[in-house]
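Trainee: how would this look folded up:
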Amino acid sequence: MKILSRWIPRLSPSLHRFASTARPRHNAPALAQRLPPGFPAASSPTRRAPQFPRRYQHMASSSKPLSAKDFISSLGKHSTITQGLENVEDVDTTKVITCHTYVPPAKSVEDETKPSGDAIFGGLSSVDEESSAAAETPDYVPSMEIFPNSSHRDGSIYSGTDDWKIDYRIADRNETWLDAMMFSDPTDCRMYNGTCVSHSSRHMLQFLSLRLAKIPVELGSVELYGYIAARDNLNPLLNYIVNFSRDDPIIVKQGSLINMAGPKRGIELVGTILIEYDMKIKAGEHESEDLQVIDGVSYLDNIDTWDRSPFTLRIHGDCGAIDVGVSRLNFAYEATIEVVISQVQSSFSMHLGCFTSGLHEEIRLFDGAIGESRGLKRSVVAVASDYQMELKFKVAADSCIPAEYCCCFEAKQHGHATQEINTGFALIAVKVTWSTLIEDEE
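Mentor: Numbers count the residues shown, from 1 in each chain. Predicted structure coming up:
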């Protein structure tokens, strides 16, 4: 593993904002951004993972989900979605998928020797698969550097004048006010050779998975609560990846995946972003009795990461550790996924996974039971331009052999695409809305 210790020159978020990662129009090399001097020298937390062959490309917030009725009716309203997009590109027409058997990508010898990140869609149940994956995980996972004086427990994160605390507005505990789909329906596109040049792709960070790597062995299943959030240069307020209250914790055990509720919007990876976290195990009647799993602030930047090379970092804490799987996606767009299940015939279980940008690693979007018509929570995923996003559904009743369905979506700057899946249990409607993160400066 490459070790790189350094002090990094100051560049505030306001300057990062104008350091465009748009695809160069004249093939000019992008300039790497670096941290302010207030960041402590740290070992490079990443290592380059093997690139996956481009020949195989996977196909395809916190806001309240649409009702089944409203969502289904909206699928045909292309005129409202495409308003102002006449000079950009046509919106996909609705596609109906009756059945599709998923064929996983061919793996290289190197892929076969490393642990799989698929915790749900294999031949095992999700619990057995997670336990098996945890047992096969190597003992050593690179550690994520934790800043000194960044603890919530002792309040040190709120004191001092460290540059990173000022530049990233650490004292501001509000959630990012920027939402997804900000430029999905623009009316001010400037066109060049049929391409919109007003809204460009950006380098983005994609969270692939969170896993409870270690807890005190005698605890077994635990009630976990707290949050993990990103602070980027687009808007440094909290963009939650997970956020569970003490009154509504999740029950997990060592090796289990943690369901990701976020991010609320795409995460820009230009220069440096902060990862802030404070997660505990509920251990008693009062919060003072709880066990601190992880607590602090770490960073990731675009200097020591590589395009579409997934890697895992471990955040260590007093009473456990959490593994964070991420990937940098160059020249990416934001995809907002909305799923509505209607015409439910009988109760069934459903797993929904997402593959993005040709990566083998799966992002778990849903894993649970469906008993009535409902909409799932909205999910936001980064997709590299010139690639596809694939959604894989796995549905089954009781102990029956599950049926698999896949729908694929080509990455786009703007607009939306819809697809429907007819199963024996229900009708699944999928809507993907495409957007860029920013509007380029004149």
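
Trainee: what's the next secondary structure element after the helix or strand containing Cys354?
Mentor: Under the assignment given by DSSP states H and E, the secondary-structure element containing Cys354 is strand 348-356. Scanning forward in sequence from strand 348-356, with DSSP H and E defining helices and strands, the next element found is strand 363-370.

Trainee: Would you mind putting the CA coordinates of stretch 316-324 into PDB?
Mentor: The C-alpha coordinates for stretch 316-324 follow below in PDB (Å, rounded to 0.1, in the frame of the first residue of the first chain):
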ATOM      1  CA  HIS A 316     -12.000   2.500  14.000                       C
ATOM      2  CA  GLY A 317     -13.600   3.500  17.200                       C
ATOM      3  CA  ASP A 318     -13.600   2.700  20.900                       C
ATOM      4  CA  CYS A 319     -16.200  -0.100  20.700                       C
ATOM      5  CA  GLY A 320     -16.100  -1.200  17.100                       C
ATOM      6  CA  ALA A 321     -15.400  -0.400  13.500                       C
ATOM      7  CA  ILE A 322     -17.300   0.300  10.400                       C
ATOM      8  CA  ASP A 323     -16.200  -0.500   6.800                       C
ATOM      9  CA  VAL A 324     -17.000   2.100   4.200                       C
END
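
Trainee: please renumber so the chain begins at 30
Mentor: Done: numbering now begins at 30, and the last item shifts to stretch 345-353.

Trainee: Next secondary structure element downstream of the one helix or strand Lys421 maps to?
Mentor: With elements taken from DSSP H and E, the one containing Lys421 is strand 417-425. As assigned by DSSP H and E, the chain's next helix or strand after strand 417-425 is strand 432-439.

Trainee: neighbouring strands for that next one, and are they parallel or not?
Mentor: Partner strands for strand 432-439, per DSSP bridges, with pairing direction: strand 417-425 (antiparallel).

Trainee: The partner strand - what's its average pLDDT?
Mentor: Average pLDDT, strand 417-425: 97.

Trainee: Mind exporting the C-alpha coordinates of that strand to PDB?
Mentor: These are the backbone C-alpha positions of strand 417-425, laid out as PDB (Å, rounded to 0.1, in the frame of the first residue of the first chain):
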ATOM      1  CA  GLN A 417     -25.300   2.500 -17.800                       C
ATOM      2  CA  MET A 418     -27.000   1.900 -14.500                       C
ATOM      3  CA  GLU A 419     -28.700  -1.500 -13.900                       C
ATOM      4  CA  LEU A 420     -31.400  -2.200 -11.300                       C
ATOM      5  CA  LYS A 421     -31.800  -5.800 -10.300                       C
ATOM      6  CA  PHE A 422     -35.000  -6.900  -8.600                       C
ATOM      7  CA  LYS A 423     -35.400 -10.300  -6.900                       C
ATOM      8  CA  VAL A 424     -38.900 -11.200  -5.800                       C
ATOM      9  CA  ALA A 425     -40.200 -14.400  -4.100                       C
END
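
Trainee: Contacts made by that strand with the rest, please.
Mentor: Outside of strand 417-425, the residues within contact range by C-beta atoms under 8 Å, 6 or more residues apart in numbering are 86-89, 131, 149-150, 364, 366, 377-387, 391, 394, 410, 412, 431-440, 450, 452, 454, 457, 459, 461. C-betas here are computed from N, CA, C, even on glycine.

Trainee: Mind checking which of those are buried?
Mentor: Of the members of the contacts of strand 417-425, the ones counted as buried by neighbours, 16 or more other C-beta atoms under 10 Å, are 86-89, 149-150, 364, 366, 377-387, 391, 394, 410, 412, 431-440, 450, 452, 454, 457, 459, 461.

Trainee: coming back round to it: just the angle for the strand holding Lys421 relative to strand 377-385, thanks.
Mentor: Following axes from the mean of the first three to the mean of the last three C-alpha atoms, to 10 degrees, one obtains 160 degrees for the angle between strand 417-425 and strand 377-385.

Trainee: List the buried residues of strand 417-425.
Mentor: Along strand 417-425, the positions that meet the burial threshold by neighbour count (16+ other C-beta under 10 Å) are Gln417, Met418, Glu419, Leu420, Lys421, Phe422, Lys423, Val424.

Trainee: again, but for stretch 348-359
Mentor: Cys348, Gly349, Ala350, Ile351, Asp352, Val353, Gly354, Val355, Ser356, Arg357, Leu358, Asn359.

Trainee: for stretch 451-468, same thing?
Mentor: So, applying 16+ other C-beta under 10 Å, buried residues of stretch 451-468: 452, 454-467.

Trainee: on that earlier part again, out of the buried residues of stretch 348-359, which is nearest to Ile399?
Mentor: When the buried residues of stretch 348-359 are ranked by distance to Ile399 (C-beta to C-beta), Gly354 comes first, at 26.7 Å.

Trainee: ok, the closest one to Ala432 distance?
Mentor: The spacing between Gly354 and Ala432, counted by C-beta to C-beta, to the nearest Å, is 28 Å.

Trainee: want to throw the buried residues of stretch 348-359 into TSV with distance to Gly404, pLDDT and secondary structure?
Mentor: Formatted as TSV, the entries for these read as follows, by distance: C-beta to C-beta, whole Å; pLDDT from 0 to 100; DSSP: H, G, I helix; E, B strand; the rest coil:
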residue	distance to Gly404	pLDDT	secondary structure
Cys348	37	95	coil
Gly349	34	96	strand
Ala350	35	97	strand
Ile351	29	98	strand
Asp352	30	98	strand
Val353	28	98	strand
Gly354	27	97	strand
Val355	28	97	strand
Ser356	28	97	strand
Arg357	31	97	strand
Leu358	27	97	strand
Asn359	32	96	strand
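
Trainee: Now distance to Asn272 too, for the residues you listed, in a markdown table please.
Mentor: A markdown table is the format used below for the buried residues of stretch 348-359 (distance: C-beta to C-beta, whole Å):
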| residue | distance to Asn272 |
| --- | --- |
| Cys348 | 20 |
| Gly349 | 18 |
| Ala350 | 19 |
| Ile351 | 14 |
| Asp352 | 18 |
| Val353 | 15 |
| Gly354 | 18 |
| Val355 | 18 |
| Ser356 | 22 |
| Arg357 | 23 |
| Leu358 | 23 |
| Asn359 | 28 |
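
Trainee: wait, Phe176 sits on Trp193?
Mentor: Yes: look at Phe176 against Trp193 with C-beta atoms under 8 Å: they come within range, at 7.1 Å.

Trainee: Lovely, talk soon.
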